[in-house]
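Q: Model the following, please.
(chains A and B)
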Amino acid sequence: MPKAPAASRVFTTLSGVPVQPVYGSEDLADLDAARDLGAPGEFPYTRGIHRDMYQGRLWTMRQFSGYATPEETNRRYHYLLEQGQTGLSVAFDLPTLMGYDSDHPFSEGEVGKCGVAICSLEDMEILFRGIPLGEVSVSMTINSPAAVLWAMYLAVAEQQGVAWSRLSGTIQNDILKEYIAQKEYIFPPRPSMRLVTDTIEFGARHTPRFNPISISGYHIREAGSTAVQELAFTLRDGVEYVEWALERGLAIDEFAPRLSFFFNAHNDFFEEIAKYRAARKLWAYLMRDRFGAKNERSLKLRFHSQTAGCSLTWQQPYNNVVRTAIQALAAVLGGTQSLHTNSLDEAYALPGEHAVTIALRTQQVMAYETDVTAAPDPLGGSYFLERLTLDSEAAARDYIRRIDEMGGMIPAIEQGFPQSEIASASYQYQRAVESGEKVIVGVNAYQAADEPIELLQIDQSAQDQQTRKLAALRARRDAGRVRRALDELQRAAEGTENTMPHILEAVRAYATLGEICDALRAVFGTYQETSHI
Amino acid sequence: MDRRIRVLVAKPGLDGHDRGAKVIARALRDAGMEVIYTGLRQTPEMIVNAALQEDVQVIGLSILSGAHNTIVPRVLDLLRQNQMEDVKLVVGGIIPDEDAAELKRRGVAAVFQPGASLESVVEFIRAAAG
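A: Now for the predicted structure:
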């Protein structure tokens, strides 16, 4: 019989915060219910942003999805919508994320591998063929070239005859967390922030139901941060975006209601729920006290969540269904507005159809069979959870103060502060796994021979197809119009006006993503981080 | 000779997920090796040049994006062209079994898949460079 790991250990949360043997009312002596909790739907929204929460409306079930060509991904979208998914979420491939066309030498071997390849408006038209953009909300995980992909999306809506005012969805557009964690950046921080601010301003004027940004802790956590670091760096990123938009001359309540957030749902069930509750509370106070927001919608932190990809194991992959279900439950008990559940095969590859269906069914079982949706914030009042919520908030405030003292998030990034905090946390965690102090079932305990699973294969044909389409597009389009649009965009980028109208014109002329990003690279330059280990 | 083992840890391709590369780099350093980390988005040419300049015995590539079948053979070709066959190439990341077997057949010394222990990586490199 395999030996079970010892249970007599000092308990800590996944993030290493010590946990007491038992919690009681004496642990909440500093809790002031009016100041710290409020009722669900009331300031400071610790207990949720709606009075009736899921009784009124379930969260949006939104599986992040994209692979190979736009034609193949479009088929997957139709499949997911037929299976009862209620929103779409686009995953782009690495060349698209980095602003390169599929036929660029850097794209060799990467086209369609981590998401769908989108090179021009033509690809975006194919991606949403037969999908009514006035009815389905669409989230797009795109950051450095977000303005370009969003312009393509807006142009497809025009073609479908859908007014921009009816569009709902989100572009991730959170460049700060790219420098901090995921590292898919093109331009240096300041011109990148200018592009983000251009989209926030454009959105405030033209797309009242669209979120121009999703301020993301997900990738910070995946890079190995603790829950508190995820919380703190994400909210401090939010502060940075607000300050840039105010500097642009926007009024806080003009744009703040459309700021949205994105958090990880990791393994430590209570720590995660505390994180979401603390996030809502912190944001409400920051918006009211630091920025003077008056509109209630500016104060409410709305968030998407995704279960933790980094928690999935290659060994015994079916166990991943269980991990994902528990993580998803934390997100729901924490009051998420939308949710992606990972598929069991995602430690290996992008999800296959069978695996993604189980992941979606996990959400449907939770939503319709378990009644966890019956009451808002059902764990509110738990001694342990309230203590964790207060402690998460205090630790996050401390980080936020330190970053304020550094002069904001951009100087902090330039000094490598969040990056090195995360790298240290991830190394400590790996050491704990290595020593057996942290148990990962199937990896460092209860090992067994692996059962092979069926995987989605993406071959070279995606790159070949994309390259052929690009050649035909370049031959067919009005080259003069493309040149003029790119020149105009470059001129706008050199000045201070909003670049969005010029990006839209370039997109409508079928300038490619790579061409548009090249025009911007010529003005802004590119960014290279100094790496520390 | 008591020269310390020198390892180049490199992140090729467009992917920016550097958690694994950084953890491995720290673990090798803590095990007493000299570690040079290239940073992100290195081409095969840049990696082999750095290996030559830094006079390393081992190159570790971290690839999670699925581009390994394009990138790794190029690094192997460049090592051969530069008469650097004595430099051991190890690869870590999301590498399916059949691809791992093929890469090893072509000359990769070891492939470390998700869940591999830090200790196994350290031990392999110590033996390979010794």
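Q: C-alpha only now, for contacts and for neighbours.
A: Will do.
Q: Might one say that A:I186 is in contact with A:S144?
A: Yes - using Cα atoms under 8 Å, A:I186 makes contact with A:S144 at a distance of 6.0 Å.
Q: residues from chain A in reach of chain B?
A: A:94-95, A:98, A:106-110, A:113-114, A:181-184, A:223-224, A:313-315, A:347-349, A:423, A:426-427, A:430, A:434, A:443, A:529-531, A:533 (Cα under 8 Å from any Cα of the partner chain).
Q: Show me which of those are buried.
A: Among the residues of chain A next to chain B, those that count as buried by neighbour count (16 or more other Cα atoms under 10 Å in any protein chain shown) are A:94-95, A:98, A:106-110, A:113-114, A:181-184, A:223-224, A:313-315, A:347-349, A:423, A:426-427, A:430, A:434, A:443, A:533.
Q: Look at stretch A:151-171 and report the distance between its end residues.
A: Taking Cα to Cα, to the nearest Å as the measure, stretch A:151-171 stretches 11 Å from start to finish.
Q: Mind listing what's buried along that stretch?
A: The neighbour-count check on stretch A:151-171 (16+ other Cα under 10 Å) flags A:151-157, A:160, A:162, A:164, A:167-171 as buried.
Q: and if you look at stretch A:351-361?
A: Residues of stretch A:351-361 classed as buried by neighbour count (16+ other Cα under 10 Å): A:351-352, A:355-361.
Q: Low-confidence stretches in the chain?
A: Reading this off chain A. Applying pLDDT under 70 to chain A flags the ranges A:1-10.
Q: Chain B was what I was after
A: B:1-2.
Q: got the residues of it near chain A?
A: So chain B meets chain A at B:13-19, B:22-23, B:25-26, B:37-39, B:65-71, B:94-96, B:114-115, B:117-119 (Cα under 8 Å from any Cα).
Q: hey, where'd the strands end up in chain A?
A: Assigned strands in chain A, in chain order: A:60-61, A:64-65, A:88-91, A:138-141, A:169-171, A:210-211, A:213-216, A:259-265, A:303-307, A:338-340 (criterion: DSSP state E).
Q: Distance to A:A471 for those - can I get that in a markdown table?
A: Shown next, in a markdown table, are the strands of chain A (distance: least, Cα to Cα, whole Å):
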| stretch | distance to A:A471 |
| --- | --- |
| strand A:60-61 | 37 |
| strand A:64-65 | 26 |
| strand A:88-91 | 24 |
| strand A:138-141 | 26 |
| strand A:169-171 | 28 |
| strand A:210-211 | 33 |
| strand A:213-216 | 33 |
| strand A:259-265 | 37 |
| strand A:303-307 | 37 |
| strand A:338-340 | 36 |
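Q: Can you check which of the ones you listed gets nearest to A:Y285?
A: Checking those against A:Y285 by Cα to Cα gives strand A:259-265 as the closest, at 15.2 Å.
Q: who's in contact with the closest one?
A: A:211-219, A:221-222, A:230, A:272, A:276, A:301-308, A:327-328, A:330-331 (Cα atoms under 8 Å, 6 or more residues apart in numbering or on different chains).
Q: Off-centre distance for that strand?
A: Here the centre of mass of C-alpha atoms in strand A:259-265, compared against the chain's by Cα atoms, centre = their mean, to the nearest Å, lies 6 Å away.
Q: send the alpha carbons of that strand over as CSV?
A: In CSV, the C-alpha atoms belonging to strand A:259-265 read as follows (Å, rounded to 0.1, in the frame of the first residue of the first chain):
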residue,chain,number,x,y,z
LEU,A,259,-13.6,48.6,-16.1
SER,A,260,-13.8,44.9,-15.6
PHE,A,261,-11.5,42.4,-13.8
PHE,A,262,-10.3,38.8,-14.3
PHE,A,263,-9.1,36.6,-11.5
ASN,A,264,-7.7,33.1,-11.1
ALA,A,265,-9.6,30.4,-9.3
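Q: Not counting its neighbours along the chain, what's nearest the closest residue to chain B within the stretch 1-150 of chain A?
A: Closest to chain B within the stretch 1-150 of chain A is A:G109: 5.0 Å, counting by Cα to the nearest Cα. The spatially closest residue to A:G109, leaving aside those adjacent along the chain, is B:A67, at 5.0 Å (Cα to Cα, 6 or more residues apart in numbering or on different chains).
Q: what's the burial count for A:A34?
A: Number of residues near A:A34 (other Cα atoms under 10 Å in any protein chain shown) recorded here: 11.
Q: Over to B:R41?
A: 17.
Q: Ok, the one 10 residues further on next?
A: Other residues within reach of B:A51, judged by other Cα under 10 Å, total 24.
Q: hang on, the earlier thing: which one of the buried residues of stretch A:351-361 is nearest A:F524?
A: Nearest member of those to A:F524, counting by Cα to Cα, is A:P351, at 36.3 Å.
Q: Surely the closest one is in contact with A:E454?
A: No - the pair A:P351 and A:E454 fails to qualify as a contact (Cα under 8 Å) at a distance of 9.8 Å.
Q: Next, the contact list for A:L133, please.
A: The contact partners of A:L133, by Cα under 8 Å, 6+ apart, come to A:157, A:160, A:162, A:167.
Q: Would you point out which residue is most central in chain B?
A: Geometric centre of chain B, nearest residue: B:G60, 1.3 Å, by Cα atoms, centre = their mean.
Q: what about the helices in chain B?
A: Using DSSP state H, the helices of chain B run over B:19-30, B:44-54, B:68-81, B:97-106, B:118-129.
Q: ok, and which of those helices has the densest surroundings?
A: Among the helices of chain B, helix B:19-30 has the highest mean neighbour count (mean count of other Cα atoms under 10 Å in any protein chain shown), at a mean of 21.
Q: and the angle for that helix with helix B:118-129?
A: If you take axes from the mean of the first three to the mean of the last three Cα atoms, to 10 degrees, helix B:19-30 sits at 60 degrees to helix B:118-129.
Q: Output the contacting helices and strands for helix B:19-30.
A: The contact analysis (3 or more Cα pairs under 8 Å, 6 or more residues apart in numbering or on different chains; DSSP states H and E) places helix B:19-30 against helix A:417-435, strand B:6-10, strand B:34-37, strand B:58-63, helix B:118-129.
Q: again, 7 Å this time
A: The contact analysis (3 or more Cα pairs under 7 Å, 6 or more residues apart in numbering or on different chains; DSSP states H and E) places helix B:19-30 against strand B:34-37, helix B:118-129.
Q: Extract the CA atoms of the shortest one and return them as CSV.
A: If I follow you right, that is strand B:34-37. Coordinates of each C-alpha in strand B:34-37 appear next as CSV, following Å, rounded to 0.1, in the frame of the first residue of the first chain:
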residue,chain,number,x,y,z
GLU,B,34,26.8,28.9,-13.2
VAL,B,35,23.5,29.8,-14.9
ILE,B,36,23.1,32.2,-17.8
TYR,B,37,19.5,33.1,-18.5
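Q: Show me what it packs onto, helices and strands only.
A: strand B:6-10, helix B:19-30.
Q: again, only using 10 Å
A: If contacts are counted by 3 or more Cα pairs under 10 Å, 6 or more residues apart in numbering or on different chains; DSSP states H and E, strand B:34-37 sits against strand B:6-10, helix B:19-30, helix B:44-54, strand B:58-63.
Q: out of the ones you listed, which comes closest to A:V239?
A: helix B:19-30 (25.8 Å).
Q: Distance from the chain centre to that closest one, please.
A: For helix B:19-30, the distance to the chain centre is 12 Å (Cα atoms, centre = their mean).
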